[in-house]
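**Q** no sequence for this one, just the structure:
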């Protein structure tokens, strides 16, 4: 069963506007971590933001914020004031609570920022 | 500060050849891991290590070996390359297993 679901394969946003990228997850664990990574066309994976399952406040990092709704099992990424350099693939990931500490990734959302 | 480095950036192999993908980090991270990324998919864990001398299998370990003789280095060996191993390979490290994982730039491997 897919544990991380990103339902938007591709999205457009106008420069300077805000955009929300959706992510839902499935776990029966009480303790887990949620991450967002950015992958530009150059291919590297860039860490953006982290939310712990016990964190009471939504995580923020500059123009990035994570809209964490635990009961709905969603962890949406909000990018404010979009810039052309935000055009990239965005992956949501969850860290499993087992000995491997592996990250389980969604299939990603391709964001294109229009000038 | 180099972070996580990977070599080579690109590699083409013939079926049956062997090779080693190199990964090094200079952040004194205990946890290191290898992922592969196939087209249209997220990353999947191949092998991981929670410290020098300790390695274990991830989700898709078949056809790959790893070792961790030092904290800094975590090479991935392809024993006998197959076309199904054509992928982009990422190495990642974190201070601990529960820390944020930081990725290297990736190695794009093609097996003919």
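**A** Okay, I see it. All figures in this text were calculated on a predicted structure; none of them were measured in a lab.

**Q** Phi, psi for residue B:7 please.
**A** Main-chain dihedrals, residue B:7, degrees, to the nearest 10: phi -140, psi 150.

**Q** Pretty sure it sits against residue B:107.
**A** Yes - if you go by C-beta atoms under 8 Å, residue B:7 and residue B:107 touch, sitting 7.5 Å apart. Using the backbone N, CA and C atoms, a C-beta is placed for each residue, glycine as well.

**Q** Next, show the common contact partners of these two.
**A** residue B:21 (C-beta atoms under 8 Å, 6 or more residues apart in numbering or on different chains).

**Q** Looking at these two, which is more packed in?
**A** residue B:107 (23 against 14; other C-beta atoms under 10 Å in any protein chain shown).

**Q** Show the pLDDT at the more buried one.
**A** Listed pLDDT for residue B:107 reads 97.

**Q** looking at the sheet around it, what are its partners?
**A** Beta-bridge partners of residue B:107, counted by DSSP bridges, are residue B:89.

**Q** Tell me who's in contact with it.
**A** Contacts of residue B:107 by C-beta under 8 Å, 6+ apart are B:6, B:7, B:8, B:9, B:10, B:11, B:21, B:88, B:89.

**Q** Can you flag the buried ones in those?
**A** Those of the contacts of residue B:107 that meet the buried threshold are B:6, B:11, B:21, B:88, B:89, by 16 or more other C-beta atoms under 10 Å in any protein chain shown.

**Q** what's the neighbour count on the nearest residue to the third one once chain neighbours are set aside?
**A** Okay, so that is residue B:21. Leaving aside its sequence neighbours, residue B:21 sits nearest to residue B:76 (C-beta to C-beta, 6 or more residues apart in numbering or on different chains; 4.4 Å). For residue B:76, the neighbour count with other C-beta under 10 Å is 21.

**Q** Does residue B:76 touch residue B:49 like I think?
**A** No - contact status for residue B:76 versus residue B:49: not in contact, 10.8 Å apart, counting by C-beta under 8 Å.

**Q** Quick check: neighbours shared by the two?
**A** residue B:66.

**Q** what about the residue of chain A found nearest chain B, neighbour count?
**A** Closest contact between chain A and chain B, by C-beta to the nearest C-beta, is at residue A:105 (2.6 Å). Per other C-beta under 10 Å, the neighbour tally for residue A:105 reads 23.

**Q** This completes my enquiry, with thanks.
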